[in-house]
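Participant: please find the sequence and the predicted model below.
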Amino acid sequence: VGLEIKRELLVGELSSPRKALLPVVAACGGMIIPVLFFWLISPSGPAMRGAAIPMATDIAFSLGVLSLLGKKVPLSLKIFLTAFAVVDDIGGIIIIALFYSSSDLAMIIVALLYIGGRQGIHNKLFFIFFGIVVWCLFINAGIHPTIAGVIVAFTVPARPKLHIYKYVNSIRESLKRLPENSNDIILSNSELSILKSIESASDKVVSPLQAMDDDLRTLVNYVVMPLFAFANASISFEGFTLASLEGVSVTIFVSLVLGKLIGIFSFTYVFIKCGWLTMPDKMDMHSLFGVSLLGGIGFTVSLFIATLSYTGMGAEGAILLNQAKIGIIGGSLFAGVCGYFYLKYALNKKTQKSL
């Protein structure tokens with residue numbers, strides 16, 4: 001997430017005020033209104049500690065639902081959803097940093113990483129090794145390691161060591177030195193040396209930020225996130241009945257489904273109707289409404305904040321956490337299903353009109 005945030009701030013949808021403003025407005029609505037819903041309908045007392053739970057939008061799962069709709073989904077819709085979900089992540093990280101963490105001397109290592117990146121160190125192992133050191137120091141100091149991950153990500157260099165044009169010229173020169181009619185199964189030492197120089201140059205033309213982001217994407221989407229969801233979604237259904245759906249469960253369900261929908265859609269709608277911002281290309285109010293529904297998929301991030309909110313409170317905290325998980329999973333599934341079918345209807349209707 002830290003690598004994605006840095007990338008978006010440098011070259012993505014958050015790289016300029018004009019590009020970033022509409023997703024930022026949507027994200028603000030998607031954070032403020034669900035929290036207000038939570039405060040209004042949540043039981044008083046310790047349950048109020050979880051007010052930040054419905055703030056989050058799960059990037060991977062919301063984009064996963066959107067991808068089920070295939071090529072009908074305009075690129076602008078995917079970019080808009082990704083951008084406001086990234087801003088949501090920034091908001092969630094800030095909340096964790098302010099309310100669930102404290103400061104530590106591990107920042108010295110962070111400074112070392114930053115200086116190393118500025119001085120031209122592009123070795124990924126350098127950032128991985130010292131990133132793990134920072135992670136351990138944060139845990140020992142009682143700071144949640146999420147903060148370590150994001151901070152370390154921001155020290156990873158975004159500029160490649162070798163410019164693309166120099167790389168192309170270098171490759172051309174190397175290719176000229178390779179024999180054109182070699183039929184040998186085993187390469188000669190000179191040929192092997194040339195190919196290794198090309199491989200080395202290829203590594204240098206991709207920045208550590210982009211390389212690490214690309215390397216981690218598959219691992220995170222198909223291994224880390226499913227394991228995370230499995231480990232954190234353990235819900236006790238002992239004595240469960242429909243009548244037991246009360247308190248935090250209902251609060252989070254409503255906050256995710258209605259709070260997110262109303263917050264994202266209303267904030268964006270008002271800014272567009274007032275002429276302060278413009279609707280992204282190939283998007284309309286129907287697609288905005290559908291993507292606002294998908295914003296209610298909090299799932300992994302919401303589970304994470306729920307665990308931080310109610311852990312360490314004894315038996316009462318365990319009950320609240322279990323109720324929170326039921327609300328998160330129920331709300332996320334409901335928002336995802338509703339968002340999918342509404343967008344499918346809206347995109348099919350739009351396609352028929354264009355024909």
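Facilitator: Sure thing, it's come through.
Participant: following element in sequence after the helix or strand bottoming out on mean pLDDT in the chain, please.
Facilitator: Across the helices and strands of the chain, mean pLDDT, DSSP states H and E gives its lowest value to helix 225-232, namely a mean of 72. As assigned by DSSP states H and E, the chain's next helix or strand after helix 225-232 is helix 248-254.
Participant: following that next one, which helix or strand shows up next?
Facilitator: helix 260-273.
Participant: hmm, who's touching that following helix?
Facilitator: With contact meaning CB atoms under 8 Å, 6 or more residues apart in numbering, helix 260-273 is reached by 22, 25-34, 54, 57, 84, 277-279, 285, 288-289, 291-293, 295-296, 298, 335. In short, each C-beta sits where N, CA and C put it, glycine included.
Participant: just the residues you listed: which are in helices?
Facilitator: Under the assignment DSSP state H, the contacts of helix 260-273 contribute 22, 25-34, 84, 285, 288-289, 291-293, 335 to helices.
Participant: now list the buried members of those.
Facilitator: Neighbour counting by 16 or more other CB atoms under 10 Å classes 22, 25-31, 33-34, 84, 288-289, 291-293, 335 among the ones in helices among the contacts of helix 260-273 as buried.
Participant: let me know whether Ala51 touches Ser42 as I believe.
Facilitator: Yes - counting by CB atoms under 8 Å, Ala51 touches Ser42, with 7.2 Å between them.
Participant: what is the burial count for Phe127?
Facilitator: 22 (other CB atoms under 10 Å).
Participant: now do the contacts for it.
Facilitator: Contacts of Phe127 by CB under 8 Å, 6+ apart are Leu113, Gly116, Gly117, Val152, Thr155, Val156, Pro208, Met212.
Participant: mind checking pLDDT for the first one?
Facilitator: Predicted confidence (pLDDT) for Leu113: 93.
Participant: in this structure it contacts Thr155, no?
Facilitator: Yes - assessed by CB under 8 Å, Leu113 is found in contact with Thr155 at 3.9 Å.
Participant: shaky segments in the stretch 51-200 of the chain?
Facilitator: Within the stretch 51-200 of the chain, the segments meeting pLDDT under 70 span 97, 100-104, 142-144, 181-184.
Participant: quick one: the helices in it, in order.
Facilitator: With DSSP state H, counting those that start in this stretch as the criterion, the stretch 51-200 of the chain has helices at 59-67, 75-99, 107-118, 124-140, 145-153, 164-176, 189-205.
Participant: nearest to Val257, out of the ones you listed?
Facilitator: helix 59-67 (13.5 Å; CB to CB).
Participant: what's the burial count for Val87?
Facilitator: Neighbours of Val87 (other CB under 10 Å): 24.
Participant: over to Lys349?
Facilitator: 11.
Participant: show me the contacts for His122.
Facilitator: Pro157, Pro160, Lys161, Lys204, Ser207, Pro208.
Participant: try 7 Å this time
Facilitator: Pro157, Lys161, Pro208 (CB atoms under 7 Å, 6 or more residues apart in numbering).
Participant: now swap in Pro157 and tell me
Facilitator: Neighbours of Pro157 in contact, by CB under 7 Å, 6+ apart: Gly117, His122, Ser207, Pro208, Leu209.
Participant: now Gly131
Facilitator: Val152.
Participant: look up how far Val152 lies from it.
Facilitator: Distance of Gly131 to Val152, computed by CB to CB, to the nearest Å: 4 Å.
Participant: in which helix or strand does Leu9 reside?
Facilitator: Residue-wise, Leu9 maps onto helix 2-11 under DSSP H and E.
Participant: off-centre distance for that helix?
Facilitator: 10 Å (CA atoms, centre = their mean, to the nearest Å).
Participant: could you list the low-confidence segments of the stretch 201-350 of the chain?
Facilitator: 229, 231-246.
Participant: recalculate using a threshold of 80.
Facilitator: Counting by pLDDT under 80, the stretch 201-350 of the chain shows low-confidence ranges at 221, 225-246, 300, 350.
Participant: so which elements touch the helix holding Leu9?
Facilitator: helix 75-99, helix 145-153, helix 208-219 (3 or more CB pairs under 7 Å, 6 or more residues apart in numbering; DSSP states H and E).
Participant: got these as JSON lines, with distance to Leu137 columns?
Facilitator: Listed next are these as JSON lines, based on distance: least, CB to CB, whole Å:
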{"stretch": "helix 75-99", "distance to Leu137": "16"}
{"stretch": "helix 145-153", "distance to Leu137": "8"}
{"stretch": "helix 208-219", "distance to Leu137": "21"}
